[in-house]
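**Student:** How does the following fold in three dimensions:
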Amino acid sequence: MSSLLEMRGITKRFPGVVALDGVDFDLKAGEVHVLLGENGAGKSTLIKILSGAYQPDEGEIYLDGRRVILSSAVAERLGISTIYQEFNLVPQLTVAENIFLGRQPRRFGLVDRRRMLADAHALLERLGVRVSPDARVERLGVAQQQMVEIAKALSLDTRILIMDEPTSALSGEEIVRLFETIRSLRQEGVGIIFISHRLEEVAEIGDRVTVLRDGKKIGECSALTEPSRLVRMMVGRSIENQFPRRRSRVGDTLLEVKGLSREGIFRDISFQVRSGEVVGLAGIVGAGRTELVRSVFGADPFDSGEVLVGGRRLRSGEVEEAGKAGLGFVPENRRDQGIVPPLSVADNLSLATLKRYRRLGLIDRGRMQRQAWRMIEELNIRPPKPDQEIRYLSGGNQQKVIIGKWLLAHPKVLILDEPTRGIDVGAKVEIYELINALTQDGAGVLMVSSELPEVLGMSDRILVMSDGTITGELSAEEATQEKVMQLATRSRRTAVG
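**Tutor:** Purely as a prediction, here's the structure:
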């Protein structure tokens with residue numbers, strides 16, 4: 001395989017932080033090079049330099065042996081495409097319009113829609129995607145939107161494709177199809193940089209691995225390297241217990257859901273969460289788990305049924321009331337729903353408890369800063385800067401801030417929707433320890449997760465959803481991946497019968 005890309009001695013500094021420190025990285029044509037590292041290790045900065053979004057302070061980049069200086073436009077022209085974890089699609093536009101946005105084929109000065117649709121259809125056929133080029137993107141599932149992003153990249157005659165956490169929101173079947181597409185692109189000579197926190201994927205799809213830690217290149221190895229060694233390289237220590245659940249004494253019922261229904265989404269849902277326990281909510285993508293917990297918290301309305309916290313009945317669609325009653329909610333989409341990007345870490349940490357800091361109609365910012373510092377130290381948030389805008393933190397550290405916001409509010413029940421999605425193995429263990437601390441203090445946790453090992457490792461009881469209904473409940477002792485998947489794939493007809 002010929003050398004396609006070389007990055008030599010790449011250094012990038014931000015105020016008070018060295019994001020990359022003399023990093024070397026290379027990519028060959030027809031190779032999948034996996035990039036591993038904890039949140040904040042420098043992965044995102046490296047790919048933003050390669051995509052032209054950032055300029056390195058030091059170092060050189062070579063494509064086909066020729067030195068290049070990259071801007072976003074130059075990177076695109078040279079065939080470098082990036083698919084970020086949060087897609088860059090316009091929901092209101094069609095698939096074809098998104099693929100060729102800003103580059104629509106023209107005839108006599110007007111957009112040639114017939115040719116655009118035909119070209120989009122050919123790209124989708126090449127990827128084996130059964131989506132109409134005329135379909136609006138907002139009506140597509142996550143996996144289909146991802147394939148639209150790949151089709152968009154291929155329309156640019158991509159030679160280097162960067163994929164940032166491409167499997168984080170996909171089901172097992174969707175991941176299989178994505179990997180088939182990646183193998184096909186590899187055979188066509190496309191070089192692929194693949195970023196993932198799921199170590200089981202490394203050997204399955206990768207050829208080589210480069211590990212970053214604290215902005216430095218720690219090492220390079222085969223994708224067949226033992227996961228335990230990769231973990232040591234990433235975090236600088238061994239992690240013996242990946243799911244350190246510590247059982248607590250189970251007490252009174254804190255959250256009770258009775259016959260909750262929302263037309264076309266979920267129906268007749270009933271369950272309880274008690275003091276000191278973690279209740280896992282499992283199911284495949286589209287089962288209705290996120291929609292259910294959003295309705296329980298009041299972020300979305302429900303049509304019938306009851307939600308009771310400490311015996312107090314909550315009204316449908318009342319978030320403020322849910323918060324006052326003692327519910328906390330960490331949403332699935334942290335960027336759009338969990339944080340306020342322009343605000344500081346301290347401001348984001350105070351969002352659920354802002355009334356506490358009011359004195360004579362003004363905000364006591366000194367007290368707010370002190371509470372922020374305490375939470376930053378307890379949660380090991382990096383960098384430890386209360387005044388830093390939260391959008392500049394890594395995904396894992398943003399997630400710690402969102403959880404810290406609710407820890408300051410002392411919730412009776414904390415609802416966690418995909419709490420470790422896109423988070424490295426070290427930060428995952430830290431979040432699991434936060435869950436332990438909550439339950440040991442007498443709170444209850446309702447946790448939605450698409451990662452079965454996480455559900456099995458951290459739950460005391462597991463509720464399984466399929467097609468908008470709860471198809472079964474399993475104790476931690478009896479639960480296995482096979483039993484959970486059997487319940488998760490039951491049809492509504494089977495569940496009702």
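
**Student:** List phi and psi for residue 263.
**Tutor:** phi -60, psi 130 (degrees, to the nearest 10).

**Student:** Pull the number of nearby residues for it.
**Tutor:** Neighbour count for residue 263, taken as other C-beta atoms under 10 Å: 9. Backbone N, C-alpha and C define where each C-beta goes, glycine included.

**Student:** And for residue 213?
**Tutor:** Using other C-beta under 10 Å, the number of residues around residue 213 comes to 19.

**Student:** If we ignore the residues flanking it in sequence, what's nearest it?
**Tutor:** In space, and not counting its chain neighbours, residue 213 is closest to residue 41: 5.3 Å by C-beta to C-beta, 6 or more residues apart in numbering.

**Student:** and what of residue 392?
**Tutor:** Using C-beta to C-beta, 6+ apart and skipping the chain neighbours, the partner closest in space to residue 392 is residue 14 (7.4 Å).

**Student:** rewinding a little: compute the distance between the residue nearest to residue 213 and residue 357, please.
**Tutor:** Per C-beta to C-beta, to the nearest Å, residue 41 is found 34 Å from residue 357.

**Student:** between the two, who's got more neighbours?
**Tutor:** Neighbours per residue, other C-beta under 10 Å: of residue 41 and residue 357, the larger number sits with residue 41, 27 against 16.

**Student:** Next up, the contacts around the more buried one.
**Tutor:** 212, 213, 214, 215, 234, 424 (C-beta atoms under 8 Å, 6 or more residues apart in numbering).

**Student:** Now do the contacts for the second one.
**Tutor:** With C-beta under 8 Å, 6+ apart as the criterion, the residues that contact residue 213 are 37, 38, 41, 233, 234, 235, 236.

**Student:** Could you look up the SS state of the third one?
**Tutor:** Reducing the assignment to helix, strand or coil with DSSP: H, G, I helix; E, B strand; the rest coil, the entry for residue 41 is coil.

**Student:** ok so, going back, return the subset of the contacts of residue 213 lying in helices.
**Tutor:** Per DSSP state H, helices hold the following members of these: 233, 234, 235.

**Student:** Go through stretch 321-337 and flag the buried ones.
**Tutor:** By neighbour count with 16 or more other C-beta atoms under 10 Å, stretch 321-337 contains the buried residues 321, 322, 323, 325, 326, 327, 328, 329, 330, 331, 332, 334.

**Student:** Kindly check the end-to-end length of it for me.
**Tutor:** Start and end residues of stretch 321-337 are separated by 18 Å (C-alpha to C-alpha, to the nearest Å).

**Student:** And it, how far out from the chain middle?
**Tutor:** In this view, stretch 321-337 has its centroid 16 Å away from the chain centroid, taken as C-alpha atoms, centre = their mean, to the nearest Å.

**Student:** cool, and stretch 13-30?
**Tutor:** The chain centre lies 22 Å from the centre of stretch 13-30; the measure is C-alpha atoms, centre = their mean.

**Student:** Mind splitting this protein into its structural domains?
**Tutor:** 3-235, 253-488 (automatic domain parsing).

**Student:** number of nearby residues for the residue nearest to residue 392?
**Tutor:** By the criterion of other C-beta under 10 Å, residue 14 has 14 neighbours.

**Student:** what pairs with it across the strands?
**Tutor:** For residue 14, the beta-bridge partners are residue 17 (DSSP bridges).

**Student:** hang on, the earlier thing: the contacts of residue 41: which two are farthest apart?
**Tutor:** 215 and 424 (14.4 Å; C-beta to C-beta).

**Student:** Show me which of those two is the more surrounded one.
**Tutor:** The residue with more neighbours, out of residue 215 and residue 424, is residue 424; 25 against 22, by other C-beta under 10 Å.

**Student:** Give me the spatial nearest neighbour of the more buried one, chain neighbours excluded.
**Tutor:** Among residues not flanking residue 424 along the chain, residue 38 sits closest, at 4.1 Å (C-beta to C-beta, 6+ apart).

**Student:** Report the contact partners of the one you found.
**Tutor:** Neighbouring residues of residue 38 by C-beta under 8 Å, 6+ apart: 213, 234, 235, 396, 424, 425, 426, 427.

**Student:** Residue 84: which of these is nearest?
**Tutor:** Closest to residue 84 out of the contacts of residue 38 is residue 396 (16.2 Å), distances taken as C-beta to C-beta.

**Student:** looking at this, the closest one is in a helix?
**Tutor:** Yes: Residue 396 forms part of a helix when assessed by three-state DSSP.

**Student:** Might one say that it is in contact with residue 44?
**Tutor:** No: checked against C-beta atoms under 8 Å, the pair residue 396 and residue 44 is beyond contact range at 11.3 Å.

**Student:** Listing request: residues of the stretch 351-497 of the chain with sub-threshold pLDDT.
**Tutor:** Along the stretch 351-497 of the chain, segments meeting pLDDT under 70 span 491-497.

**Student:** Please enumerate the strands of it.
**Tutor:** 358-359, 362-363, 413-417, 444-448, 461-466, 469-475 (DSSP state E, counting those that start in this stretch).

**Student:** Contacts for the second one, please.
**Tutor:** Outside strand 362-363, the residues that touch it by C-beta under 8 Å, 6+ apart are 354, 357.
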